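J.: sequence first, predicted model second:
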Amino acid sequence: MVRFIEEITKTVEKETGNKSNTDVATAKKKVLQDLIINDGGGLINSWVDSMRACSPTHLKSLMKQSSWLTEHPSALDMFEEILHVSEGKQIVMFLDYDGTLSPIVDDPDRAFMSKKMRRTVRKLANCFPTAIVSGRCREKVYNFVKLTELYYAGSHGMDIKGPEQGGSKYKEDQSLLCQPATEFLPMVDEVYQKLIEKTRLTPGAKVENNKFCVSVHFRRVDEKVL
Ligand SMILES: O=P(O)(O)OC[C@H]1O[C@H](O[C@H]2O[C@H](CO)[C@@H](O)[C@H](O)[C@H]2O)[C@H](O)[C@@H](O)[C@@H]1O
């Protein structure tokens, strides 16, 4: 995927110097098209691996994989159609963090993004307004990514912030901050404390406070306990 995005952005840079808006749009589309073709299989494989690893039983997980892939065909198979309907429209990129921009790892605090991926996302944000949408707390995602020119939607969208002043060419959105669930913060904290207490005796369980939501990690819990 990284290779794909890099190829796309390189192509855009190469093809857009001194050209008209229409040419630039065409070049961007070409980059996206190339992106999809390059490493879609790798992405699907890592996704399938992570599904397998977090399922209570491997057998159940294997059955889910095949039906999921049948029921959710790749959008890349309809790329021409997507290009056609996007004609004259603004393309916006929404990216997940864990398992997409960073590899899935056992310790959520160590899900680091590679420098190469950071460079690629920066280039992508130069072509399209780009947002990272995550279940994590927004500040945590920002600390991993460290790109001021992006939109960040943390806590599954309960905490959205636009690019920092001067970090984006999309000036009208610079002051964006949306936190519609602030009144529930004390309740989320209470739930967090209760979950810590509930999982205290489960070896490997970890509770993560994501500000407007809470995650309970069971990746390192013995399958027999689940
Ligand atoms: O909605 P998402 O952005 O996909 O967030 C889902 C969870 O992502 C993180 O957990 C996942 O990645 C961890 C690091 O690779 C891994 O250890 C864990 O098993 C995965 O579920 C994040 O830590 C959670 O808070 C999010 O809910």
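T.: Happy to help now that I have it. Worth saying up front: this structure is predicted, and the values here are computed from it rather than measured.

J.: mind listing the helices for the chain?
T.: If you assign secondary structure with DSSP state H, the helices in the chain sit at 2-16, 21-54, 58-71, 79-86, 115-127, 138-145, 185-199.

J.: was I right about F184 contacting F212?
T.: Yes: F184 lies in contact with F212 (C-beta atoms under 8 Å); the separation is 7.2 Å. In short, each C-beta sits where N, CA and C put it, glycine included.

J.: and the helices of the chain, which one averages the lowest pLDDT?
T.: Here the lowest mean pLDDT among the helices of the chain goes to helix 2-16, at a mean of 44.

J.: the more surrounded of F184 and F212?
T.: A side-by-side neighbour count of F184 and F212, using other C-beta atoms under 10 Å, places F212 first with 20 against 14.

J.: could you tell me which residues of this structure lie near the ligand?
T.: Where proximity means C-beta under 6 Å from any ligand atom, the interface of the chain facing the ligand comprises 54, 96-98, 104-106, 108, 111, 134-136, 208, 210, 215, 217, 219.

J.: buried ones among these?
T.: Burial by neighbour count, judged by 16 or more other C-beta atoms under 10 Å, picks out Y97, D98, I104, P108, A111, S134, G135, R136, E208, N210, S215, H217 from the residues of the chain next to the ligand.

J.: next, give me the two most distant ones among these.
T.: Longest distance between any two of these is 16.6 Å, between I104 and N210; criterion C-beta to C-beta.

J.: walk me through the domains of this structure.
T.: 1-90, 184-217 (automatic domain parsing).

J.: for the last one, buried residues please.
T.: I take that to be domain 184-217. In domain 184-217, the ones that count as buried by 16+ other C-beta under 10 Å are 188, 192, 195, 199, 205-215, 217.

J.: which of the residues of the chain next to the ligand fall in strands?
T.: Residues of the residues of the chain next to the ligand located in strands (DSSP state E): E208, S215, H217.

J.: can you put these in a markdown table and add pLDDT?
T.: As requested, those are exported to a markdown table (pLDDT from 0 to 100):
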| residue | pLDDT |
| --- | --- |
| E208 | 97 |
| S215 | 97 |
| H217 | 97 |
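
J.: any idea which of these is closest to the ligand?
T.: Closest approach to the ligand among those (C-beta to the nearest ligand atom): S215, at 3.5 Å.

J.: the nearest residue to that closest one once chain neighbours are set aside and P180, how far apart?
T.: Excluding the flanking residues, the one nearest S215 by C-beta to C-beta, 6 or more residues apart in numbering is E208, at 4.4 Å. E208 sits 21 Å away from P180, going by C-beta to C-beta, to the nearest Å.
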